[in-house]
Structures are given as C-alpha cells and as structure tokens.
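Peer 1: coordinates only, no sequence provided:
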C-alpha cells in the first residue's frame, strides 16, 4: 500500500471534510463519527510500532452486510438492522494491520443484484456519468473508492457483485477463492458461494489488503487454506496461456465499443507474453445458468427466511420477487442441480488443461438508470453473463480496467454526447476479468497487474511473485548444476540472473560433495559482486528446501546490485578457514570449468 507524507490524522481529517461536502446518501448508509476515526488515527501515531503495520493509517469502507462494531448492519434493509457485538473477522484483521474504518456503504438489498439500484437509500451512479448505474451489489463500496472517500473497500461477491461495480467505476475488483477470506460476520446471500471482495485502485493495493485479511478462521465453517503449491503458478512472470471464448459465444448486447475494447484487451494480453487459446465457453455458461435459474436461489431465502416471512413489505420488490422465487424448488431439485454442476465442473477441467488463466469482459455492456428501471431483471441477468459461473466452479477472479468507450454505451437510448470524468477521460469505462483456478488468486492478481500497468515498469509484486519467496543461489543449485533439481522439483522458477552488491566474497568449500561454494559478507571488501540466480520458490515448499541445506551453509539475507534484499545461501565464517577464495574466474560455473580441466 503506497505511503504518503501526511499523518494518518491529517488524511482522516481531509477525508471527513470531503464526506461532509457531499450528501451522505447514496454512497454511505452510516459513517463512523469523525472524532472516533481521528482518535484511532492519533492512537496509531502515538504507537511507535504501528508505522510498521502494512495498512498503517489507510482509510477503508465496508459494505453494509459486513459487521463493524459500533455501527448497525442493515444489508440495505432498515427493518433488518441489528447492532453487531464485534467486528467481522476480515474487518478485525484489517484493523489489526493498521487500517482505519470510515463507514458502511450502500448496496443492492441483501446483496441481491448487479445493478446498484435496489436500495431504499437511493441508487449509486458510475463516477464517470451520473446517468449510468454504478453496478452492484457492492455499489457504495466501489463509488467510495473511485470518488476518493476511501483508499480501498470491502464488498461481497457471490455472482459478480464485487467485479461489476469495479468495471463501471474504473477499479480493481478482487474476488478471492471461496473461503480464502473469512465470511464470519457477513450477512449471507448464498452461503456456500459467498466471498468477501476487495475494491482498490491498483493491484498492488488489492494485494496488500488480501495479505492482511486472509487466513484460516475456525469461526467460519467455510474457511479453507490452499493445498501445497496451489497458490503459486509456474507460468508466473513468463509466458502463459489465456483462454477466450469462441467468437459466437461472446455477447455484448449490441455494445460494439465494448466488443472493440475486448479485442484490444486480447492484443494487450498477447503483448505481455500471453498465448491466446480459444476455449469452449458454453461449459462455463451452463454453470452460470444454474445460479438464478436453479435452486441456489433458495440459499438466499434460507439466509433471511424468518425475516422475509415477517417483513415482506419492507423488502425491495425486485429483491423480494427473486428471493421468493426459491419457493418453487424442492430438495430433489437441489440435488439434481448439484449433480449437474458436478458434471459441468468435470467438463471444465479439460478446458483448464489448455489454459492458465481466462480473459473475459467483466460485463458485455453498461446500462442507464432509466433502462434498468424499465427492465430490472433481464438487464441484471445480462450483466452476469461473464460473472455468474465463477463461484459455482470454485474459481478466483480479478476485474481490471481495460479502456474507455469514446461515447456512451451503444445500449443507451439517447446518450450520443461524450462524458468526461474529473480527470478528463472521455467516455465510460470498460473492464475485463482474469479468472483462474481455486487459490491462484495471487498469480492471477500479478498477471492483472502486468496487464493494468503495461507498458509501465513492473512492481515489486512481479519481482517477488505472489505466493513465492525469492531465493538467490550461487553454486550447486544454479541452472545445470547437480543440486538444481531441489528447486525444480518444488515448482520453483528462475526469475533472473543478477549479482550481489559489493561486499561479498565467494569461497570453494573443501571436501563438499558435490562441490559447493560459501558466500560470506565482508563490508570492507568492494568487489564487483558475485553472480547469482534468483529463483521464485513456492512459499509452502520453502521449508522443505531449507531443511535440505547442510552445514556449514544456511539461508540468510543478501543484498543484490539493484538494492533488493532476498533470501540467499550464506556460509558460517568458520568454514572458510583454509578455503580457496574464488577471485580469478568471477563466478562458480567458471571455477568449476577450470577445476575440471
């Protein structure tokens, strides 16, 4: 998370000034008292250890179906409101990381919708044009970030509710793998499918929030953690295959500009090293059709059945119609649909063997408030064309901006004039989503970052791949050397060849089998640096790698010539007594070649 020179209290004071200058609704449902937020900021400033926290002083917003102690949780329905006794697990983890909660944001009632227009508090609009919807259900969470009222926000995403508003407001929308972020303290929509999502302006910010918020939660029966190697992709940082639907399986609902922007996104993905692969998207569409045309809608009723039966008149009419549609399904229907989903999942495995990540439009188009009011269910369904299947098939996804239309959407009725955001960008935003298998979150987020920033310089997120630990090797673990297999069998990937900073010496250790060098730091020595290879080792396999390192070697830290610090083989000083310093040949390979002559 990018740090600024302002103190947290100065950031919070300025933010509350901006909130006071705009109406509370429709972005916010409730806001933490200014004095409370400032007290939190001052407490962080007074704590000498707090500045090291990863989210120190960063203000964030929370969708109002996620508990924050001190403010009511309403799920967008005032009659449903309750006062939580504690924070949702994900909120508490962010507070522990130094973040500052600002308030609870508007949403489609009971998180049922992709439009952001099903709330008694009013409908949020895209920050680029007030005539167009913000997308939902995490509508207020997206607009809060896009309009500068929070650095990041929490939403939820069951069918696309974190990705659609990200697309309509030019944001990153991270929908993690199910169970990666705890849903304890979250009002359920479809409990078996629900995810807490993250909305931010950059992939790096989303990654920082993910790292702070993730972790197993025994209070959440759906919480889980990745298996060995699941969260590290071997293609990360190099060539990769991305799947796209066949031309006749794409749907833009008449929005020709969205179609053209998607074609450009495909070309841009090829430009960052991706290989395009055409897949059978009908398999994924078959899963999407099950979400609202199958018995999973019954989960929405199960979540609030007692309230819905007693307070039907207090519910949004469209939301009520959708949730009450659950009554037409039986337990037999539920099992039949589960069997069908299992068949679809198995069929999708063949497509995943052909690709590493999928590239889709986040939505096929964008709609005006007027259009949605006239046809609320059909247009909402259209917005889920590329999003509804993701949680049913247990996938991870990142929505990322991918350009702007030159005018309003071709689906609008009378919007031929151009619109501009506050920075002068013409038109309405378009976004794509990168989708990967369960627990590929960090790898997909890293590729999304490459796409989002191209052709800019890479971030640290790319230099040290998510889910991996960078390790510099100097001897027998180099490519082609006898112990290199200890890296490759763990799925490690060679990222670069570099040198250490000046101040390191390399010695040939006597009697080692196979021959090994010892790297020792000597600050008084200003040599040219020692040649190293930097490998990305999956974090969950790093321990077994270290356990195989024999004395007098160990794993410590070394500084590279570019100033970065990485894990590296180091040698205990006693072992270099009588050892030969490698000076004439500059690198281990040259020394070995010379010794074998």
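Peer 2: Now that the structure is in, tell me what you want to look at. Just so we're clear, the structure is a prediction, and the values are computed from it rather than from any experiment.

Peer 1: which outside residues touch stretch 305-313?
Peer 2: Here stretch 305-313 makes contact (CB atoms under 8 Å, 6 or more residues apart in numbering) with 79-80, 301, 315, 320, 323-324. (C-beta placed from N, C-alpha, C; glycine too.)

Peer 1: and the lengthiest helix in the chain, what's buried?
Peer 2: Ranked by residue count and defined by DSSP state H, the top helix of the chain is helix 331-352. Across helix 331-352, burial judged by 16 or more other CB atoms under 10 Å covers 337, 341, 344, 348, 351-352.

Peer 1: any chance of the residues you listed in CSV, plus distance to residue 250?
Peer 2: Formatted as CSV, the buried residues of helix 331-352 follow (distance: CB to CB, whole Å):
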residue, distance to residue 250
337, 26
341, 24
344, 20
348, 18
351, 16
352, 20
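
Peer 1: among these, which two are most distant?
Peer 2: The distance between the two most remote of the buried residues of helix 331-352 (CB to CB) is 21.9 Å, for 337 and 352.

Peer 1: before we move on, the earlier item: just the buried residues of helix 331-352 now: which is nearest residue 161?
Peer 2: Nearest to residue 161 among the buried residues of helix 331-352, with distances taken as CB to CB, is residue 341, at 20.1 Å.

Peer 1: that closest one: what's it in contact with?
Peer 2: Applying CB under 8 Å, 6+ apart, the residues near residue 341 are 287, 290, 392.

Peer 1: which pLDDT value goes with residue 229?
Peer 2: You'll see residue 229 listed with a pLDDT of 61.

Peer 1: same question, residue 542
Peer 2: pLDDT, residue 542: 87.

Peer 1: please report how far the closest residue to it other than its chain neighbours lies from residue 583.
Peer 2: Among residues not flanking residue 542 along the chain, residue 469 sits closest, at 4.9 Å (CB to CB, 6 or more residues apart in numbering). As judged by CB to CB, to the nearest Å, residue 469 and residue 583 stand 30 Å apart.

Peer 1: in the stretch 301-450 of the chain, where is pLDDT below threshold?
Peer 2: 407-426 (pLDDT under 70).

Peer 1: wait, the stretch 51-200 of the chain
Peer 2: Residues of the stretch 51-200 of the chain that meet the cut-off, pLDDT under 70, do not exist.

Peer 1: what does the stretch 451-597 of the chain give?
Peer 2: 455-467, 584-587, 593-597.

Peer 1: okay, helices next: where are they in it?
Peer 2: Taking DSSP state H, counting those that start in this stretch to define them, one finds helices in the stretch 451-597 of the chain at 460-463, 485-488, 539-547, 588-595.

Peer 1: before we move on, what about the stretch 301-450 of the chain?
Peer 2: 317-324, 331-352, 369-374, 376-383, 389-392, 441-453.

Peer 1: chain center to the second one, what's the gap?
Peer 2: Averaging C-alpha coordinates over helix 331-352 and over its chain gives two centres that are 26 Å apart (CA atoms, centre = their mean, to the nearest Å).

Peer 1: same check, this time on the third one
Peer 2: Between the centre of helix 369-374 and the centre of its chain there are 31 Å (CA atoms, centre = their mean).

Peer 1: mind listing what's buried along that helix?
Peer 2: Per 16+ other CB under 10 Å, helix 369-374 contains these buried residues: 369, 371-372.

Peer 1: look up how far residue 209 lies from the one residue sitting closest to the centre of the chain.
Peer 2: Of all residues in the chain, the one closest to the mean position by CA atoms, centre = their mean is residue 174, 3.4 Å from it. Distance, residue 174 to residue 209, by CB to CB: 8 Å.

Peer 1: give the residues shared as contacts by those two.
Peer 2: Joint contacts of residue 174 and residue 209 (CB under 8 Å, 6+ apart) are 198, 200.
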